[in-house]
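How does the following fold in three dimensions:
(chains A and B, ligands or ions: 2)
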2 protein chains.
Amino acid sequence: MFSSKTYLNRRMHLKRTLKTGLVLMPGNSESPMNYADNWYPFMQDSTFLYYTGINCVSDLWVLIDIDKDRDILFGDDATPEEMVWTGAAEPMVELAEKSGITMVRPLRELETYVTKRRQQGQKIHFLPPYRAALTLQLAELLGMRHSEIATSASVDLIKAVVAQREIKSDEELREIGKAVDTTVAMHTHAIKNSRPGRTELEIAGELQSIAIGAGGNIAFPIILTINGQYLHNHPTQNRLEKGDLVLCDCGAENTMGYTGDMTRTFPAGERFSDLQRNVYDIVLDAHNTAVSGLEPGVMFKDLHLLASTKLVEGLTQIGLMKGNADDAVAAGAHTLFFQCGLGHMMGLDIHDMENLGEQYVGYTPELTKSTEFGLQSLRLGKALQEGFVVTVEPGLYFNPFLIDAWRAEGRFDDFVNYDAVEKMKDFGGIRIEEDFAITASGSKLLGKALAKTPEAIEALKNS
Amino acid sequence: MFSSKTYLNRRMHLKRTLKTGLVLMPGNSESPMNYADNWYPFMQDSTFLYYTGINCVSDLWVLIDIDKDRDILFGDDATPEEMVWTGAAEPMVELAEKSGITMVRPLRELETYVTKRRQQGQKIHFLPPYRAALTLQLAELLGMRHSEIATSASVDLIKAVVAQREIKSDEELREIGKAVDTTVAMHTHAIKNSRPGRTELEIAGELQSIAIGAGGNIAFPIILTINGQYLHNHPTQNRLEKGDLVLCDCGAENTMGYTGDMTRTFPAGERFSDLQRNVYDIVLDAHNTAVSGLEPGVMFKDLHLLASTKLVEGLTQIGLMKGNADDAVAAGAHTLFFQCGLGHMMGLDIHDMENLGEQYVGYTPELTKSTEFGLQSLRLGKALQEGFVVTVEPGLYFNPFLIDAWRAEGRFDDFVNYDAVEKMKDFGGIRIEEDFAITASGSKLLGKALAKTPEAIEALKNS
Ligand SMILES: [Mn+2]
Ligand SMILES: [Mn+2]
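Ligands and ions are numbered 1, 2, ... in the order given. Next comes the predicted model:
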């Protein structure tokens, strides 16, 4: 946890932005797997965590009463009976103190407080819930129908939270750096321990154990697959074979909730094939080009299109595409091979603040998120600012379903050499992803450096 | 998956029991962590799994229309756009075929079907939901308020499902055996790799990697702790020290959703201390006594009380308790050291069918679940039957909060030597847990044998 002053200042800043109203800030509750008391690992709500620092305790609410200039923690101390099961729990007053909160009330008083202030005509701010349990709680608390909750969320609060959370402080950057360091350790393990005969799940399990051993957990489901052509494929009991290309996209969440998110693609055997290396070099060139362009004021959407052009140029050189690269990208032909976005914001969430709405987080009133295939998956389009943390993750994905479907339609056949592409239907996919902080003059790689060129990856694998 | 005939027969059996009505059988949906699209590992609903065998696909519903003798799978095939992210998905008709279901309909037709049959006056059966997302879905589907859903669940359906699922078939016992074998591998690793200097979380992470590598996952949050006095304590970054006692309670869920659940307690260093071994032997004696009593017709509650008496006898021998053991158990004095139950049903859930209500699963109309401290945590009280799978897990837990509180009250001071107990406040806790199938004449240990005596555990540790 940072010092109580950090959280106090964050809430003061929020109050100054919103000026008036009552902010409901619920922490997460436990999430049941197969019955009420068998829980998934607890994950705190990131906005609650940002404004309070309280990570590992469920069922808390903070009310920020701007008009009365009061922050109140609502929560219940563990009973002796509960401590039979869970051991000693930190008293609510101590938790509150660490967050710079001086008022603590039992949960049963939450509804009374909110109802009273509503009846007094106070404006109520809350964020759109992403868990059904909270939708139900908010409906009860506010006397609304559950179908009204999502549309009643406060746009002012969303905008204020985004404006604050998108700029990472130095102490946040240090925490993100720790999460990325653990992520680097996971990838180092994956590269060194992926060998013919092992299964995807065996290796994925080992990567998760590294994240847990570091005191946190995985930040998102691990992608470790010989079918990297599918963007979010789950690991299976597939056994790696010599010649397979392994795509590993994984990241750790650290003890404070900050995340890392990296991707490496490497051979299951000792070396890349010539073709694998050629395609790899195309992705690496696009990656490096995009990274060179990171600086305040640059539109991330433009970097996405620049990287796409680089990919098309490379694909043209190896005979898979044809024609003018800029025209191909303008037409969207690159999305046959690069169906997603160049990157996203990262912080307390792996897609930072995605629960608040991609339009609010990654775009502006003047720049609306596209609904076109490809660009619809670009989560960040707007101009970069100092303090943003973003991923850069171009890739090439040879998805046989998409190739067959678009070939049958004759889609983009001015730009795609389908006969050559046909031979790539069992190639797989390649992605290279790293995490960067935007600085005053450019960007800074977060976390320790990790092998990225084909040569360095082969050297690490065989070290 | 078992053969389609298994699932067909299970549903036919259910139809014969219920005789009439429409059974709504929803599979689980994905469960969000910190935003809608970042999911916890998918866990299928166990009742859905039992009657369909479909494990790894979310957002399916099966309707069992008893009056029309129709089973219908409602679900949507992946679109090419979705396959960009997830790869090829098994078509709904193939999934249905494997379950012995011949009718498949898109999800959008679910509401029409249910509404029509409701309007025709058909009785609707559904189980009480344990996830808020399903409560919301059922409320929409049935035009009810969400607060009415839990109380509108079908008691007839609950009873019919319990009567079927509590008796495990041979093919189920083989699957449970596989899950227990993986659980044994996890414990073997824990015993051999718990050493002074390592953290609880490092070892817990490794255990999870074994469960994942076997193709499933953990069945419940891993307990691996030097604070075994707290029944469900989470692993932390505590470093093991020589002299510490490590309590490990963990279990795997296998690829078909069947579970294992075992506990071992062992020294962090090479050997148990004399005191640790003495207490261990008391728990082992209670464990063995309870196991010897497992057979059809025996009330599990009686075995719980028998094991409790054995614990009290042992505690009396080492000077922590006094007086007549039967009287102490009748008074509840043993619950200072054994606050929970002797065991529970196990199957597709680790506490099998706990979502259906403990009274229905573990008790009978004639045997109501107790609300007393101790017995209130006994999830299974009723008479055993051939085909039940149960855990046996007595323990002794020296909880300093409880000791202080009860000593201050003078509670059970006829039976407790508080001066002696005072010295045990930093002892920790010991539990020994194994899984058994009830046979015609007794019981059968599930899974491979694992070191259980202090000697065998020390030998395994130092092997
Ligand atoms: Mn990413
Ligand atoms: Mn158990």
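
rest of the way, CA atoms for contacts and neighbours
Fine.

residue contacts, A:L378?
A:301, A:340-344 (C-alpha atoms under 8 Å, 6 or more residues apart in numbering or on different chains).

Quick check: which of these are also close to chain B?
When C-alpha under 8 Å from any C-alpha of the partner chain is applied, no member of those is adjacent to chain B.

Out of the residues you listed, name the ones that lie in helices.
Applying DSSP state H to the contacts of A:L378, the entries found in helices are A:K301.

Looking at the contacts of A:L378, which is nearest B:V162?
A:C340 (46.3 Å; C-alpha to C-alpha).

ok so, going back, which among the contacts of A:L378 end up buried?
Among the contacts of A:L378, the ones that count as buried by 16 or more other C-alpha atoms under 10 Å in any protein chain shown are A:301, A:340-344.

can you give me the strands for the stretch 301-450 of chain A?
A:389-392, A:395-397, A:429-431, A:434-438, A:443-445 (DSSP state E, counting those that start in this stretch).

counting contacts, what elements does the third one pack onto?
In other words, strand A:429-431. Applying 3 or more C-alpha pairs under 8 Å, 6 or more residues apart in numbering or on different chains; DSSP states H and E, we find strand A:429-431 packed against strand A:245-250, strand A:262-267, helix A:274-292, strand A:395-397.

Tell me which of those sits nearest to A:T188.
So among these, strand A:262-267 is nearest, using C-alpha to C-alpha, at 9.5 Å.

Mind checking if the closest one is in reach of chain B?
No. On the criterion C-alpha under 8 Å from any C-alpha, strand A:262-267 is out of touch with chain B, staying 15.6 Å away.

Send over that strand as CSV, restricted to the C-alpha atoms.
Below are the C-alpha coordinates for strand A:262-267, written out as CSV (Å, rounded to 0.1, in the frame of the first residue of the first chain):
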residue,chain,number,x,y,z
MET,A,262,3.8,-9.3,-22.5
THR,A,263,3.9,-11.7,-25.4
ARG,A,264,6.7,-13.7,-26.9
THR,A,265,6.6,-16.2,-29.7
PHE,A,266,9.3,-18.8,-29.9
PRO,A,267,10.0,-22.3,-31.4
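
Strand A:434-438 and that strand, what's the angle between them?
150 degrees (axes from the mean of the first three to the mean of the last three C-alpha atoms, to 10 degrees).

Next, the angle from strand A:262-267 to helix A:274-292.
Using the same axes, to 10 degrees: strand A:262-267 against helix A:274-292 is 160 degrees.

Can you give the contact residues for strand A:262-267?
Contacts of strand A:262-267 (C-alpha under 8 Å, 6+ apart): A:180, A:183-184, A:187, A:191, A:242-251, A:272, A:391, A:393, A:430-435, A:452, A:454, A:457-458.

The residue of the stretch 301-450 of chain A found nearest chain B: what's it in contact with?
Distances between the stretch 301-450 of chain A and chain B by C-alpha to the nearest C-alpha are smallest at A:N355, namely 4.7 Å. Residues in contact with A:N355 (C-alpha under 8 Å, 6+ apart) are A:128-130, B:34-36.

neighbour-wise, which of those leads?
B:N34 (28 neighbours; other C-alpha atoms under 10 Å in any protein chain shown).

Can I take it that that residue is in a strand?
Yes. B:N34: assigned to a strand according to DSSP: H, G, I helix; E, B strand; the rest coil.

Between all of the contacts of A:N355, which two are separated the most?
A:P128 and B:N34, at 12.0 Å, using C-alpha to C-alpha across the contacts of A:N355.

ok, and the helix or strand in chain A with the lowest average confidence?
helix A:80-86 (a mean of 81; mean pLDDT, DSSP states H and E).

domain ranges for chain A?
A:4-165, A:170-461 (automatic domain parsing).
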